[in-house]
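Novice: Provided below are the primary sequence and the corresponding predicted coordinates.
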Amino acid sequence: MDKALATFRRWLWHLAVATVILVPSFRDVDYKSYAVSIGFFLLLLLESLRIFRKPEFSFSPLELYLALYVGWTCLSYFWSPVDLAASEYLGRFLPCVGVFWLIRQRPEESQEPASLWVWMGLAFLTALYGSLQKMGLDFVTLYAENGSSARIFATFGNPNLYAAFLVLTMPVLLSVSPWKRNPWIRVFQILFPVLLFTALVLTQSRAGYIGFFVEMILAGYFIGTRAWRDTEWRWATATFALLVLLGGVFLARQAGSRPTERMEVWKGAVWMIMEKPLRGWGVGQFSLHFQPYMTEALAQQTQKDNTFAEHAHNEILETGVELGLVGLVAAGFFWLQLVGRAWRSIIQWKDGGLEQVFPMAGPGLGLIGVGITNLFDYNCRLPGIAFFLWMSAGLLANRVFPPDRIRWKAPLGVLLGLFLAACAAFGLVQETRLLAAILSENSQNDFLKAVPADLSAELRRLLRAVRDQPDNAENYHELGNLFAKSGNLQEAQKAFEKEAVLNPRSTGAYLNLGNIYLLTSGKDPSRIDLAQKCYEKSIQLDPNSVDGHFNLAYVYFLQRDLKSALRELDEVLKIDPQNAKALSLKRQILP
């Protein structure tokens, strides 16, 4: 039984790693988030079965530091002004931290994990896929709305995210196999980084390249003198250094055509920290409360595109904003303990063989590289990167922070196993229901769809009905729908206005008027305010109107009033927890 569970767990790890890499990520729906959550809950369910049979778990001082960090993060939910944003953040954050905990429970299985081979093999495929994107052969919606393939992103939806994945992946390659004098292994472990590096350059991510450059410097310090004694290593190192130099020149030329407003965002983030320095604003709150702290130059830019100001472009500043100085110290203490212990261990083995250094240097360099990229960007919190970040942290911790095995009494182990199994089952049900709602989303019929086959005959019928029954509000509702479907929005507006006069309690009249005002707001921006009033009136008449709450949320979203938009989306999800449109819009507000 134990052997069967171990085998199943190993293959489930392979499947989780493969799914997180391969499933696509879009701005409105991040399928990687669901892959991480569902994979974690399945693995947690297996772990609960193990605890039933053998009530023990691994623990070290590092887990205590992590508990302080995670505990403060969860506690910040209670003072977060917008709890929907906080719960969304925790829903992404906790499964990724759970991956670290699961790896720590089986330290004996992580010395040479086969899942790393799956990781490396699929990273190779993403690099090939990125090359296809560069040639314009893409099977996933292009990152750039204009269809440009200038920057590749593979399945990660964003070039900067893919660059962070590559920065984390390349050093981990060092620890996937023994460095025996097998010519095929040598070819693989020398040429594969070249392919990944080429993909990194094609992402044109400046933050990613800086992180990789720091990794190269540290790698040279850790293993340079020992590797330099080998002739093959000398040629490989010289060739790779030349590629890095050429890649840097290429990105430096590209940088001039891509100006950045990061300094303006950082100034606003510092002002937010000074406003609530100790406990912060709460997790997931940065983008919702940043607008008053924008500089004038940044405010002008966000009128065209607000996506740049959705995060602080610096993980330290964003942690300070959301968790305050207390949370920043707790997070820093955990990561510095882990990376610092790894650094000291590598220094102690400095005169040893490469086989002893690489298992620690690989994940350690990857964590440092991603940390450097997040001084200029925002990606270590997003599930597609966070999964591998915490996985690398777990592998590194098992090598430099060996845990102790603590045995529990059988009754306590049963209770813990039941608790973990219940959490896993609840999480699986919730995540699969949400994923099923998104996958099965069908475009809902609205007043612009389901056009009759013979518009003229239907129009004549309705005009006769209006003439014969001028006080029948339903006739005007159908007439307005028909005019809207035929593209005559001006006549449709008149019909719905007449319906509202005849039946002031008609929710549909106000919804459709709001839709018309919204559709025509491109020519007259003041019509957005009219649409808002119509949607508010429809909600007043029917507080359980899903369309009313959603349409009002969309108006708030267009007006950049994200807190109000989330409030209305919260109402939609209370009425219909699996509403795909609301889930999609929430994803756009909470990247």
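Specialist: Arrived safely.

Novice: and stretch 25-44, which residues are buried?
Specialist: The neighbour-count check on stretch 25-44 (16 or more other C-beta atoms under 10 Å) flags 25-26, 29-44 as buried. All C-beta spots, glycine's among them, are computed from the backbone N, C-alpha and C.

Novice: pretty sure residue 506 contacts residue 473?
Specialist: Yes - counting by C-beta atoms under 8 Å, residue 473 is a contact partner of residue 506 at 6.2 Å.

Novice: these two - which one has more neighbours?
Specialist: Legend: neighbour count by other C-beta atoms under 10 Å for residue 506 and residue 473, higher for residue 506 (21 against 18).

Novice: now the more buried one. Its backbone dihedrals?
Specialist: When quoted as degrees, to the nearest 10, the phi and psi of residue 506 stand at phi -80, psi 110.

Novice: what's near enough to touch it?
Specialist: Applying C-beta atoms under 8 Å, 6 or more residues apart in numbering to residue 506 gives the contacts 473, 477, 499-500, 541.

Novice: now swap in residue 341 and tell me
Specialist: The contact partners of residue 341, by C-beta under 8 Å, 6+ apart, come to 400-401.

Novice: thought residue 288 was touching residue 81?
Specialist: Yes - between residue 288 and residue 81 there is a contact at 7.4 Å, judged by C-beta under 8 Å.

Novice: of these two, who's got more company?
Specialist: residue 288 (23 against 12).

Novice: show me what the one helix or strand the more buried one maps to is packed up against.
Specialist: If you go by DSSP states H and E, residue 288 is part of helix 286-289. The contact analysis (3 or more C-beta pairs under 8 Å, 6 or more residues apart in numbering; DSSP states H and E) places helix 286-289 against helix 262-275, helix 315-348, helix 562-575.

Novice: lowest average confidence, helix or strand, in the chain?
Specialist: Here the helix or strand of the chain ranked lowest by mean pLDDT, DSSP states H and E is helix 231-255, holding a mean of 59.

Novice: hmm, back to that, show the average pLDDT along the helix holding residue 288.
Specialist: Averaging pLDDT along helix 286-289 gives 84.

Novice: give me the residues contacting it.
Specialist: Contacts of helix 286-289 (C-beta under 8 Å, 6+ apart): 81-82, 85, 269, 272, 281, 309-312, 318, 321-322, 562-563, 566, 589-591.

Novice: got the buried residues for that helix?
Specialist: 286-289.

Novice: mind putting those in JSON lines, distance to residue 134 included?
Specialist: Formatted as JSON lines, the buried residues of helix 286-289 follow (distance: C-beta to C-beta, whole Å):
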{"residue": "286", "distance to residue 134": "33"}
{"residue": "287", "distance to residue 134": "31"}
{"residue": "288", "distance to residue 134": "36"}
{"residue": "289", "distance to residue 134": "39"}
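
Novice: ok, those vs residue 93, which is closest?
Specialist: residue 286 (14.0 Å; C-beta to C-beta).

Novice: what's the closest non-adjacent residue to that closest one?
Specialist: The shortest distance from residue 286 to any residue other than its chain neighbours is 5.3 Å, reached at residue 321 (C-beta to C-beta, 6 or more residues apart in numbering).

Novice: do you know how far the one you found is from residue 367?
Specialist: 22 Å (C-beta to C-beta, to the nearest Å).

Novice: ditto for residue 220
Specialist: Applying C-beta to C-beta to residue 220 and residue 367 gives a distance of 18 Å.

Novice: burial measure for residue 559, as a count.
Specialist: Using other C-beta under 10 Å: residue 559 sits among 13 other residues.

Novice: which residues sit in contact with it?
Specialist: Here residue 559 is in contact with 528, 532 (C-beta under 8 Å, 6+ apart).

Novice: now it, what are its backbone angles?
Specialist: phi -80, psi 0.

Novice: where does this protein have low pLDDT?
Specialist: Applying pLDDT under 70 to the chain flags residues 1-2, 27-28, 107-114, 138-149, 174-190, 222-260, 300-308, 349-358, 440-456, 591.

Novice: tell me the domain ranges of it?
Specialist: Domain segmentation of the chain under automatic domain parsing yields 55-103+114-407, 455-589.

Novice: mind listing the strands for the stretch 1-150 of the chain?
Specialist: In the stretch 1-150 of the chain, strands defined by DSSP state E, counting those that start in this stretch lie at 56-59, listed in chain order.

Novice: circling back to that earlier point, find residues that contact each of residue 288 and residue 81.
Specialist: residue 563.

Novice: pretty sure residue 267 contacts residue 297?
Specialist: No - contact criterion C-beta under 8 Å: residue 267 and residue 297 do not qualify, at 10.0 Å.

Novice: can you show me the helices along the stretch 301-450 of the chain?
Specialist: Taking DSSP state H, counting those that start in this stretch as the test, the helices found in the stretch 301-450 of the chain are 315-348, 354-373, 383-400, 410-439.

Novice: dump those helices to CSV, plus distance to residue 535.
Specialist: Supplementary listing: the helices of the stretch 301-450 of the chain in CSV, determined by distance: least, C-beta to C-beta, whole Å:
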stretch, distance to residue 535
helix 315-348, 31
helix 354-373, 41
helix 383-400, 33
helix 410-439, 23
